[in-house]
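**Student:** All I have is the shape, not the residue letters:
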Ligand code: PAF
């Protein structure tokens, strides 16, 4: 696996691969990789000849009081996991390699979509995500890019950006990977104390409850949200940020589950903010 630290090194490797007629997949990450990331790399390896993984904690997607400084980092461990899963190149730039000191260009979706769900408490987050992902697309020039459905709003926003900006890149969404007890895998799970780790199970319990209700024919979003809220509130260490049923493309709230919907939650466990969701596609609950 090539370790690249500059845009030039990435471009050189990709140019060579494309000359050989090989397809290139990109898995954007912020590092501190877990099995969720590994599943994205596996999917990319199964669909592309060469796989680039970016490992970069992107400063522009963190708000002033968020966890940019404390976000967990372990590049050597990340490299070991990536080698094991068959990545061809890891791109690990310094912030200055990605952002000039006078950088003044951002990519931002100006609809209501990035203001919903996580956008309510993280107003600049998706502007930072779109900007860095757009830069990565321009640096790597991939045929396909792979994103987890755990960040469902991010996935919908990236799909919209790709359409709006005419990127010739196929966006592949990959399922949520869970711990054995149900907790969705996240780099932020490492922040949880032992008591918080068990309290965090209220998220997946609420998700499974909501899923079951939809499976059993419930279509009233208010009833689903109320039941999920009760489940989360039964946990004293939990504080709800949102419990929402939205349209799967626009992220706008819906009153009735009709298919192509997203049921998403964000919950603080102590100081740690965790998210989880499920998708309803027609009759199919994922
Ligand atoms: O999902 C993430 O880890 C980040 O938001 C991403 C897509 C790598 C952009 O920094």
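**Tutor:** Good, I have the coordinates. Since the structure is predicted, the reported quantities are computational estimates derived from the model, not experimental observations. Numbers count the residues shown, from 1 in each chain.
**Student:** Kindly provide the distance from the closest residue to the ligand within the stretch 151-286 of the chain to residue 117.
**Tutor:** Nearest to the ligand in the stretch 151-286 of the chain, going by Cβ to the nearest ligand atom, is residue 151, at a distance of 5.1 Å. All C-beta atoms are positioned from the backbone trio N, CA, C, and that covers glycine. With distances taken as Cβ to Cβ, to the nearest Å, residue 151 is found 10 Å from residue 117.
**Student:** and the closest residue to residue 150 other than its chain neighbours, what element?
**Tutor:** Sequence neighbours aside, residue 176 is the residue nearest to residue 150 in space, at 4.7 Å (criterion: Cβ to Cβ, 6 or more residues apart in numbering). Assigned by DSSP states H and E, residue 176 belongs to neither a helix nor a strand.
**Student:** Name the residues of the protein found near the ligand, please.
**Tutor:** Within the chain, the residues that sit near the ligand (Cβ under 6 Å from any ligand atom) are 28, 29, 30, 58, 61, 129, 132, 133, 151, 154.
**Student:** Can you verify my assumption that the second one contacts residue 52?
**Tutor:** Think residue 29. No - applying Cβ atoms under 8 Å as the test, residue 29 and residue 52 come out as separate, 10.8 Å apart.
**Student:** okay, these two: which has more neighbours?
**Tutor:** Between residue 29 and residue 52, residue 52 has the larger neighbour count (other Cβ atoms under 10 Å), namely 28 against 24.
**Student:** confidence score at the residue nearest to residue 114 when sequence neighbours are not counted?
**Tutor:** Computed as Cβ to Cβ, 6+ apart, the closest residue to residue 114 that is not its neighbour in sequence is residue 126, at 3.8 Å. You'll see residue 126 listed with a pLDDT of 98.
**Student:** Residue 126 should be in a strand, yeah?
**Tutor:** No - Residue 126 is assigned helix when assessed by DSSP: H, G, I helix; E, B strand; the rest coil, not a strand.
**Student:** check contacts around it.
**Tutor:** Residue 126 is in contact with 61, 108, 109, 114, 118, 119, 153, 154, 157, counting by Cβ atoms under 8 Å, 6 or more residues apart in numbering.
**Student:** change it to 10 Å
**Tutor:** Contacts for residue 126 were tallied using Cβ atoms under 10 Å, 6 or more residues apart in numbering; they are 61, 107-109, 113-119, 153-154, 157-158, 161.
**Student:** Could you identify the most distant pair in the residues you listed?
**Tutor:** The distance between the two most remote of the contacts of residue 126 (Cβ to Cβ) is 19.2 Å, for 107 and 117.
**Student:** Pick out whichever of those two has more residues nearby.
**Tutor:** Just comparing residue 107 and residue 117: by other Cβ under 10 Å the higher neighbour count belongs to residue 117, 25 against 18.
**Student:** Would you quantify the distance from the more buried one to residue 227?
**Tutor:** To residue 227, residue 117 is 19 Å away according to Cβ to Cβ.
**Student:** Look at the residue of the stretch 151-286 of the chain closest to the ligand and say how many residues are nearby.
**Tutor:** 20.
**Student:** correct me, but it touches residue 158?
**Tutor:** Yes - between residue 151 and residue 158 a contact is recorded at 9.2 Å, counting by Cβ atoms under 10 Å.
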